[in-house]
Every structure is written in structure tokens, then in C-alpha cells.
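>>> Starting from these lines, generate the structure:
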Amino acid sequence: MIKERLADFLGYYFQRGLKVREKLAEAYSSSEPIPSPDSIFVLPSSHQITGMHTIIRCIETPRDEFIFYSKRLIRLLIEFALSHCPFKVSSHY
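Numbers count the residues shown, from 1 in each chain. Down below sits the predicted model:
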């Protein structure tokens with residue numbers, strides 16, 4: 001009984017994921033541009049970000065450098081995301 005319910009549950013989300021991917025693939029392959037929602041923000045590219053991507057993608061990059069640059073890239077992404085969050089100035093000490 002539990003296995004059947006779990007299989008139904010997982011099957012539903014698996015099928016849902018396939019449908020979403022299929023729609024994205026169809027939209028990407030169409031000739032007309034797709035307008036992006038206002039809630040999507042893209043991290044502006046820079047030489048620093050391009051360099052870190054290059055280092056991370058290189059198969060010969062040592063493990064410690066991979067960890068350092070991937071953490072740095074994640075930090076930049078999180079800072080960018082947090083800059084879009086609403087905030088209120090307060091004077092609590």
C-alpha cells in the first residue's frame with residue numbers, strides 16, 4: 001500500500017518534470033524570442049566570472065582551486081540574489 005502510494009507520488013512529479021522540460025525545449029527551439037518573466041534576474045557577466053567558469057570547467061583544475069572558485073562564484077550569485085530582496089532600514093542596536 002505504501003509502496004504503491006509512493007510510486008504514484010513519484011510518478012506524478014516525474015511526469016510533471018518531463019512536461020515542463022518538454023515545454024522549455026519546444027520554446028527554446030522556436031524561432032521567435034521568448035519574453036522572460038519580470039521575476040528572473042541574470043547575473044551580469046564580467047571577466048572575473050568568465051575566468052572562474054573557465055577554471056571550474058577545466059578538467060585539470062586541482063581540487064582546492066575548484067572548491068575556492070566555485071565557492072566564490074556561489075557567493076557572488078547569492079550576493080546578487082540578496083540585492084533584489086526587499087529590506088527596511090531600522091535603527092535597532
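>>> Which residue ranges make up each domain of this structure?
What automatic domain parsing lists as the domains of the chain is 1-33, 36-85.
>>> now for whichever strand or helix holds residue 76, which elements pack on it?
For residue 76, the element it lies in under DSSP states H and E is helix 63-82. Packing contacts for helix 63-82, counted by 3 or more C-beta pairs under 8 Å, 6 or more residues apart in numbering; DSSP states H and E, involve helix 47-57. No exception for glycine: its C-beta is placed from N, CA and C like everyone else's.
>>> Just checking, which helix or strand of the chain averages the lowest pLDDT?
Every helix and strand in the chain was compared by mean pLDDT, DSSP states H and E; the lowest is helix 2-29, with a mean of 63.
>>> buried set for the helix holding residue 76?
Of the residues in helix 63-82, 69, 73 count as buried by neighbour count, 16 or more other C-beta atoms under 10 Å.
>>> List the contacts of that helix.
Defining contact as C-beta atoms under 8 Å, 6 or more residues apart in numbering, one finds that helix 63-82 is touched by 41, 43, 49, 52, 53, 55, 56, 61.
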